[in-house]
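>>> Need coordinates for the below:
(chains A and B)
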Amino acid sequence: MQIERDVTRPSTQTDRYDVKAVEEFWQRRWEEEEVYRAEITDKPKFYCLEQFPYPSGHLHMGHVRVYTLGDVIARYRRMRGYSVLHPMGWDAFGMPAENAAIKSGIPPRSSTIANIAYMKGQMRQMGLSFDWNREVATCEPDYYRFTQELFLLFYERGLAYQKAGAVNWCPHCETVLANEQVEEGRCWRCDAEVTKRDLTQWYFRITDYADRLLEGLRDLDWPPEIKTQQDNWIGRSEGAEVAFPVPDLDETIRVFTTRPDTLYGATYVVLAPEHPFVERLIAGRESAEAVRAFAAGERVRSDMERTAENTEKSGIFTGAYATHPLTGQPLPIWVANYVLVDYGTGAVMGVPAHDQRDFVFARKYHLPVRVVVSPDGQPIPNLAEPYLAPGRLVDSGSFSGIESQAAIGAIAAHLQEKGLGRLQVSYRMRDWLISRQRYWGAPIPIIHCRDCGAVPVPRADLPVLLPENVTFTGQGGSPLAAAEEWVATSCPRCKNPARRETDTMDTFVDSSWYYFRYTSPQEPRAPFDPEKANRWMAVDEYVGGKEHAVLHLLYSRFFTKVLHDAGWIAVDEPFRRLLVQGMVVYGGAKMSKSKGNTLSPESIMARWGADATRLFMLFAAPPEKDFEWSDQGVEGSFRFLQRVYRLAVRTPGSGDDAAAGERIERARARAVRKLTEDLGDRRAFNTAVSALMEYTNALYQDADRVPASLARRAIETLVLLLAPLAPHLSQELWQRMGSGGSVHAQAWPAFDDKWLTETEVEIVLQVNGKIRARITVPADVDEERMKQQALADERIQVLIADKIIRKVVAIPGRLVNVVVA
RNA sequence: GCCGGGAUGGCGGAAUAGGCAGACGCAGGGGACUUAAAAUCCCCCAAUCGAAAGAUUGUGCGGGUUCAAGUCCCGCUCCCGGCACCA
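Numbers count the residues shown, from 1 in each chain, chains lettered A, B, ... in the order given. Coordinates of the predicted model:
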């Protein structure tokens, strides 16, 4: 890239850098010349990705931080000789646009497009090196037709299905939510309290992948915090399923337990209020009315209330009995609030002696307690607290005397023989509910036919376009359901009149595959070109927020595994390495409008420029920690950039001080090495900036004492090392120093190892581990000589004069420790 | 309750593999330049005692290992986050 002096270009005669003019100049230039276009070449690839934003209208400071981090990584890798894919796009479906339409009448599509245009301008102002040729927006038919196609793929693979049941409903958003999207009983987006509704909805069978999602975590280079969250969320637990026959019903109640070793201690069986057997068990009994009332009462209570820790356990006897599978004894069947219908089998065996909850419940309702495990295999009289630990079995028929661990396998095997149970794994995670009763999303490509049922839309008919002529009433119900012309269609199978599915997909579906689309964004026939995707995937570095730990990051892993199984992609994990950045806080608190502590990227960049803003964000905290904005702090980064500018543009003095020359060479080598480590695997951008500051300070000390050519080379190195962090200033200086081309297309500087090996080093002399003196010795001095010099040192001699020397430890290049008694 | 992460000067933070605690910056103090101020350049800046040299203490708390511990081990405290009537 040849850059010529432009007449409209600001000419900066003074010693102050005109930030605004220079930054704008280079932003325009980079855009015109498409410097950051990603190409498939024979260079090694690097896929650097940041989570794409919802186009809300404005970037916030959190965005500024993520995109800065990603940009530094991308720019650094380019200079290191990688072919870098660094794309950007828009997670453009979502409720805010639809809510705005209800309020102001502006169609979601128009407001979204306008928001994207504005935010793209802000990204340009930040100097981000995106390849805009690969931009995607999930709300475009070119994109969502493939979201729909992927739905069909899932459907064909048995991974998309409809199910009726109680679901989470957000009254404010007027739509259902997936389990992952309910936080402490509240909607993740709007914080409204979530209620229950009985609805038939579409699900993705993510639970089929529970084990693989768990195993895959092991090899990922992700923060332990995030892996643990996913691990907890999946919630795998091993145990057994045990059948308790119900003679009256000619059915068996299946329970899940992690403690089959305590099976002989079961004294009753409990069903969740929603359990399908409840009604059949009580039919015609005296207890029927009371049980029905109890179950109905529990059903309407919110999850919040029902699962709160202090909620008292309560239940009611159904009047019916089940048979213990091993002893044949009749066990009363209860219905209780502490059993959840959607975990395990929705039924448990009550073992009061060995389970905290059962113990409390049994006490309350005077149910028998039977000790079957104890530390020594002897009965425990007068049990005051449940015995929860494993131990040796008691009163357990032929299993008595066996250790708990062995008993689990033995009892399960015995049950299996009798056809009454087996080892079983249960998960906390539920299937992913993807239906949303909202307009601004990808329509689920299904047609409901009276005769054929739910029929997938044939691929050739995709996309199922969102109708434009709808009205946003805000009166509840999806606008799609009211778009009669759109809903009415014919069945693809029997051609009879049929109706379209009016729910759209959760926007997390859109964002579960966008990183594949970037690899071939214009591919017209498929979601992506497998050949290109295989060239770029997996993402080498993914930068984003921790709020997506069990949302986007879990869903994306699931998608990737399904696509892998379908043979579309070689990898089965999308994100090799994950950088989870901390929040941006201001005035000691997370920014929010209600607190009035918001910061706008516009005003900050207008005041200090993009480079100083970027630099300060990198410098003030390691990326994964929360970052506190400070005007005084950014001022420091601004001053540093001005300092670099003055150093580079001033007319240098010239000297011939050999010692200074050596100091500069050493400082240069140290700086290059440090930046190479810190911008690479270490991702320690804060210490990278401080290393540049140290290097700059060193150059201020010595640049005028050395030949101009040496000073110039040292300063050029500074500019190159600064390029990933402060792209505008370094570009400007690169050009002013008369070096050709774009600084961002230069190779990363090299250094000669000889400058890192010191000829002399200062070592410390310790007596009993306390530092008592410092001496300078040749770097290659051996241990013996170090010891001799240390013992000969007069300050040391004074301290050890009348003592017995027990030991002398010498670590070359570091210290000598004299141990005396 | 279970799991994960953390605690270092006035502040943000550094110390990458057990080897000089506090790099770099902010705030503060001093000097140079200036008629003056700003900007800039240079210096000082953990605490206590001391005029200084220096001494002592010091990385949340209590123990331990080691010639040597912010770093490793054992036992705690507090803070942040996840999961939690999950059988």
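>>> average model confidence for stretch A:374-381?
Per-residue pLDDT over stretch A:374-381 has a mean of 87.
>>> what's the spacing between it and its chain's center?
From the chain centre to the centre of stretch A:374-381 is a distance of 47 Å (CA atoms, centre = their mean, to the nearest Å).
>>> Kindly report the same for stretch A:425-444.
Using CA atoms, centre = their mean, the mean C-alpha position of stretch A:425-444 is found 19 Å from that of the whole chain.
>>> Just the C-alpha atoms of it, please, in PDB.
Taking C-alpha atoms only, stretch A:425-444 is exported to PDB below (Å, rounded to 0.1, in the frame of the first residue of the first chain):
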ATOM      1  CA  VAL A 425     -27.700 -41.100  34.700                       C
ATOM      2  CA  SER A 426     -29.800 -38.000  35.200                       C
ATOM      3  CA  TYR A 427     -29.200 -34.400  34.200                       C
ATOM      4  CA  ARG A 428     -30.400 -31.100  35.500                       C
ATOM      5  CA  MET A 429     -30.300 -29.500  32.100                       C
ATOM      6  CA  ARG A 430     -33.600 -29.600  30.100                       C
ATOM      7  CA  ASP A 431     -34.200 -29.500  26.400                       C
ATOM      8  CA  TRP A 432     -33.900 -26.000  24.800                       C
ATOM      9  CA  LEU A 433     -37.300 -24.400  24.300                       C
ATOM     10  CA  ILE A 434     -36.900 -22.400  21.100                       C
ATOM     11  CA  SER A 435     -40.400 -21.100  20.300                       C
ATOM     12  CA  ARG A 436     -41.000 -17.400  20.900                       C
ATOM     13  CA  GLN A 437     -44.400 -15.700  20.500                       C
ATOM     14  CA  ARG A 438     -42.800 -12.700  18.900                       C
ATOM     15  CA  TYR A 439     -42.600 -11.200  15.400                       C
ATOM     16  CA  TRP A 440     -39.000 -10.100  15.000                       C
ATOM     17  CA  GLY A 441     -37.300 -13.400  14.700                       C
ATOM     18  CA  ALA A 442     -36.800 -16.200  12.200                       C
ATOM     19  CA  PRO A 443     -40.200 -18.000  11.500                       C
ATOM     20  CA  ILE A 444     -40.100 -21.700  12.500                       C
END
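>>> Do it and RNA strand B come into contact?
Yes. Applying CB under 7 Å from any atom of the strand, one finds stretch A:425-444 in contact with RNA strand B at A:426, A:428. To be clear about C-beta, it is placed using only N, CA and C from the backbone, and glycine gets the same treatment.
>>> can you map out the helices along the stretch 701-821 of chain A?
Assigned helices in the stretch 701-821 of chain A, in chain order: A:708-722, A:727-736, A:783-792, A:794-800 (criterion: DSSP state H, counting those that start in this stretch).
>>> Tell me the spacing between the residue most central in space within chain A and residue A:577.
Centroid check for chain A by CA atoms, centre = their mean gives residue A:549 as the closest residue, at 3.8 Å. For residue A:549, the distance to residue A:577 (CB to CB, to the nearest Å) stands at 15 Å.
>>> where are the low-confidence patches of the stretch 601-750 of chain A?
Along the stretch 601-750 of chain A, no part satisfies pLDDT under 70.
>>> before we move on, what SS does the residue of the stretch 601-750 of chain A found nearest RNA strand B have?
In the stretch 601-750 of chain A, no residue comes nearer to RNA strand B than residue A:636, which is 2.8 Å away by CB to the nearest atom of the strand. What DSSP: H, G, I helix; E, B strand; the rest coil gives for residue A:636 is helix.
>>> closest one to residue A:451 among the helices of the stretch 701-821 of chain A?
With CB to CB, the closest approach to residue A:451 among the helices of the stretch 701-821 of chain A belongs to helix A:727-736: 62.3 Å.
>>> now the angle from the closest one to helix A:708-722?
Computed by axes from the mean of the first three to the mean of the last three CA atoms, to 10 degrees, the angle separating helix A:727-736 from helix A:708-722 equals 150 degrees.
>>> Show me where the stretch 451-600 of chain A has its strands.
For the stretch 451-600 of chain A, the strands defined by DSSP state E, counting those that start in this stretch cover A:453-456, A:488-490, A:497-500, A:504-505, A:541-545, A:578-581, A:584-586, A:589-590.
>>> so which of those strands is the most packed in?
With neighbours taken as mean count of other CB atoms under 10 Å, the strands of the stretch 451-600 of chain A reach their highest mean count in strand A:504-505, at a mean of 26.
>>> who are the neighbours of that one, in terms of helices and strands?
strand A:435-436 (3 or more CB pairs under 8 Å, 6 or more residues apart in numbering; DSSP states H and E).
>>> Residues contacting the strand it packs on, please?
Contacts to strand A:435-436, defined as CB atoms under 8 Å, 6 or more residues apart in numbering, come from residues A:175-176, A:201-202, A:444, A:503-507.
>>> Now compare those residues and name the two farthest from each other.
Among the contacts of strand A:435-436, the pair separated by the greatest distance (CB to CB) is A:201 and A:507, at 15.8 Å.
>>> From the neighbour counts alone, determine which of these two ranks first.
residue A:507 (25 against 20; other CB atoms under 10 Å).
>>> Could you give the number of residues near residue A:811?
Neighbours of residue A:811 under the rule other CB under 10 Å: 12.
>>> measure it to residue A:792 for me?
18 Å.
>>> what pairs with the closest residue to residue A:195 other than its chain neighbours across the strands?
Leaving aside its chain neighbours, residue A:195 sits nearest to residue A:169 (5.1 Å; criterion: CB to CB, 6 or more residues apart in numbering). Beta-bridge pairing for residue A:169 (DSSP bridges): residue A:176, residue A:195.
>>> need the contact list for residue A:169.
For residue A:169, the contact set (CB under 8 Å, 6+ apart) comprises A:175-177, A:194-197, A:199.
>>> could I get the helices of the stretch 701-821 of chain A as CSV with distance to RNA strand B and mean neighbour count?
Below are these laid out as CSV (distance: least, CB to the nearest atom of the strand, whole Å; neighbours: other CB atoms under 10 Å):
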stretch, distance to RNA strand B, mean neighbour count
helix A:708-722, 13, 21
helix A:727-736, 15, 24
helix A:783-792, 11, 16
helix A:794-800, 8, 14
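>>> between those helices, which gets nearest to residue A:147?
helix A:727-736 (34.2 Å).
>>> re earlier: just so I know, which of the helices of the stretch 701-821 of chain A lies nearest residue A:414?
Comparing these by their distance to residue A:414 (CB to CB), the top pick is helix A:783-792, with 67.8 Å.
>>> which stretch of helix or strand covers the closest residue to residue A:128 other than its chain neighbours?
In space, and not counting its chain neighbours, residue A:128 is closest to residue A:71: 4.9 Å by CB to CB, 6+ apart. Take DSSP states H and E as the rule and residue A:71 turns out to sit in helix A:61-79.
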